[in-house]
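**Q** Predicted model and sequence below, questions to follow.
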Amino acid sequence: MTSRTQHDQDHTTPNLNLWTRTQAAKAMHISPSTLARLSDEGKAPPSLRIGRRRLWAAADIASWLTAQTATAGSAN
């Protein structure tokens, strides 16, 4: 028989490090309303909705910022 502790260890939950709109906007150095607008326009990092909350994964924010930096650098 498998103990509860062993069973819990067999199933891993990914650590997505999810951020609220305020947290994500702060990391991006923009206002929460700008993030909401960009999201509505399809120009923001991907997000997910849990209930009525929209959340962003920290890794997606980092990837999006890197892509924006690369795009801005190639425009020069």
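**A** Looks like it arrived, so ask away. Numbering: from 1, shown residues only.
**Q** number of nearby residues for P45?
**A** 21 (other C-beta atoms under 10 Å). No exception for glycine: its C-beta is placed from N, CA and C like everyone else's.
**Q** Roughly how far does it sit from L38?
**A** Computed as C-beta to C-beta, to the nearest Å, the P45 to L38 distance reads 9 Å.
**Q** average pLDDT across stretch 32-42?
**A** Mean pLDDT, taken over the full extent of stretch 32-42, equals 96.
**Q** Need the contact partners of that stretch.
**A** Residues external to stretch 32-42 that are found in contact with it (C-beta atoms under 8 Å, 6 or more residues apart in numbering): 21-22, 24-25, 28, 30, 44, 47, 54.
**Q** what about the lengthiest helix in the chain, distance to the chain center?
**A** If each helix of the chain is counted by residues according to DSSP state H, the longest one is helix 58-74. Helix 58-74 sits 13 Å away from the centroid of its parent chain (C-alpha atoms, centre = their mean, to the nearest Å).
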